[in-house]
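Asker: here is my input, please return the structure:
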Amino acid sequence: MTVANYILALRQYILHRAEKTHGGVVSVKIRDVCNGDKRCEYVITAVMMDLVKKGVAQKRKQGVYLIDKAALEGLI
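Answerer: Okay, here's the model as predicted:
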C-alpha cells in the first residue's frame, strides 16, 4: 500500500468513529487503523503527531490520539 492509501484509511476511520461516537471527542487508535502493518503505523503516527503540533489533536497514550469533533469539521 502507498502512503496515500494509509491516509485515506485514517480519514475513513475518523469519519466512521465521528458518526458512532456520542461525545465531543473522537479517539483514534492506530492499531485499529493499521491492523498491525508497521509501515502504516509509522505513517499514521507521523500524521497524528503533525496534528498534535498544530493543536488539532491530543496524544492520550501510546498509539491513542483524541480529536475534538469541532476541530474535525475544519480538518476534513
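Asker: just the pLDDT for the residue positioned nearest the centre of the chain.
Answerer: With distances taken as Cα atoms, centre = their mean, Val28 lies nearest the centre of the chain, 4.5 Å away. Reported pLDDT at Val28 in the predicted model: 93.
Asker: so what's it bridging to?
Answerer: For Val28, the residues forming beta bridges with it (DSSP bridges) are Tyr65.
Asker: that one: what's it in contact with?
Answerer: When contacts are counted by Cβ atoms under 8 Å, 6 or more residues apart in numbering, Val28 touches Leu10, Tyr13, Ile14, Arg17, Met48, Ala57, Val64, Tyr65, Leu66, Ile67. C-beta: built from backbone N, CA, C; applies to glycine.
Asker: switch to 10 Å and redo it
Answerer: Applying Cβ atoms under 10 Å, 6 or more residues apart in numbering, we find Val28 in contact with 10, 13-14, 17, 44, 47-48, 51, 57, 60, 63-67.
Asker: make sure I have this right: Gln58 is in a helix.
Answerer: No: read with DSSP: H, G, I helix; E, B strand; the rest coil, Gln58 is strand and lies in no helix.
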